[in-house]
Every structure is written in C-alpha cells, then in structure tokens.
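**Q** give me a model of this one.
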Amino acid sequence: SLTVSKGNSEGSKSNPVELTVGTAHSGTVEGYVYGGQSYYKFTTAAADNYTVTMTNSDSLDGMLFSGSDFTSFVDYWTAETTVSETLGNYGGSTTGLSANTAYYLEIEPRATSIANAKTTTYSITIAAEGN
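**A** Predicted coordinates for the structure are as follows:
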C-alpha cells in the first residue's frame with residue numbers, strides 16, 4: 001500500500017501555520033488534490049476587504065474558512081499561478097472580512113493522482129485594503 005507522508009506541506013487542520021497580515025510568507029505544498037494540503041491561519045484587525053496575493057511555481061487552489069474545523073466556507077480560488085483575490089466577496093458579497101476574527105486557509109495542489117504529486121512553492125501575502 002502507498003503511504004503519503006506530509007512531506008513539504010505546511011501546517012495541519014489542528015495546527016495551521018500562523019500568517020501575519022501584511023507580511024509575505026514563503027510556503028510549500030506537496031501532494032495532490034486528495035492529500036497533501038497546506039493549512040494556514042490569520043487574524044484580522046479591522047473589518048475590511050482583505051486580499052490574498054500569491055505567486056506560485058504551479059497552479060494551486062485556495063479555500064478560505066471562518067472556523068478552525070475548515071468547514072465554514074467563505075471564499076475560494078481555483079487553478080491559479082498568480083493569485084490576486086479579494087477575500088470574502090464570494091457569491092457577490094461585498095462585506096469583506098470581520099474584525100478581530102481568525103480565518104483559516106487551505107492551499108491545495110492540482111495534481112489529480114499520487115503519481116503526479118509534486119512540491120509547489122509559493123509566496124503568500126494576506127493584506128488589508130484599508131478602505
């Protein structure tokens with residue numbers, strides 16, 4: 001049987017890597033769409049529109065959640081190598097993100113099988129727009 005180690009992925013659902021708003025983080029994710037995600041957490045200050053900016057060595061998906069169980073869906077993006085997304089505007093919402101709130105981010109590789117799994121590197125920055 002195949003055993004997939006966490007390898008070069010970061011964090012876990014129970015212990016996500018903390019991102020500092022406004023500071024770039026050099027990250028990696030290794031695996032495929034059904035295994036090998038990286039998990040992050042960031043905490044807002046003011047209620048605002050927040051953006052995520054990423055430059056990836058390969059296409060990645062991202063999903064934003066409002067709960068530490070990674071099930072309360074807020075926003076997402078799909079198959080992008082250069083990500084510039086305003087978070088919280090999914091479904092036409094313009095409310096942005098809440099103040100003093102922890103949000104949880106899952107980064108997912110695009111490979112569809114273990115055989116195609118690889119390590120993807122990226123820079124990720126969460127920033128407040130200050131509107």
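
**Q** so which elements touch the helix or strand bottoming out on mean pLDDT in the chain?
**A** Every helix and strand in the chain was compared by mean pLDDT, DSSP states H and E; the lowest is strand 73-87, with a mean of 90. Contacts defined by 3 or more CB pairs under 8 Å, 6 or more residues apart in numbering; DSSP states H and E place strand 73-87 against strand 50-65. Heads up, the C-betas are built off the backbone N, CA and C, glycines and all.

**Q** kindly export the strand it packs on (C-alpha atoms) in PDB.
**A** The C-alpha trace of strand 50-65 is given here as PDB (Å, rounded to 0.1, in the frame of the first residue of the first chain):
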ATOM      1  CA  TYR A  50      -8.600  41.700   2.700                       C
ATOM      2  CA  THR A  51      -6.600  40.500  -0.300                       C
ATOM      3  CA  VAL A  52      -4.600  37.400  -0.800                       C
ATOM      4  CA  THR A  53      -1.600  37.700  -3.200                       C
ATOM      5  CA  MET A  54       0.300  34.600  -4.300                       C
ATOM      6  CA  THR A  55       3.000  33.800  -6.800                       C
ATOM      7  CA  ASN A  56       3.200  30.000  -7.300                       C
ATOM      8  CA  SER A  57       5.600  27.700  -9.200                       C
ATOM      9  CA  ASP A  58       2.500  25.800 -10.400                       C
ATOM     10  CA  SER A  59      -1.300  26.200 -10.300                       C
ATOM     11  CA  LEU A  60      -2.900  25.900  -6.900                       C
ATOM     12  CA  ASP A  61      -6.400  26.100  -5.400                       C
ATOM     13  CA  GLY A  62      -7.200  28.000  -2.200                       C
ATOM     14  CA  MET A  63     -10.200  27.800   0.100                       C
ATOM     15  CA  LEU A  64     -10.900  30.300   3.000                       C
ATOM     16  CA  PHE A  65     -12.900  29.200   6.000                       C
END
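
**Q** which neighbouring elements make contact with it?
**A** Using 3+ CB pairs under 8 Å, 6+ apart: strand 50-65 touches strand 73-87, strand 102-109, strand 118-128.

**Q** run the chain-centre distance for stretch 60-78.
**A** Between the centre of stretch 60-78 and the centre of its chain there are 7 Å (CA atoms, centre = their mean, to the nearest Å).
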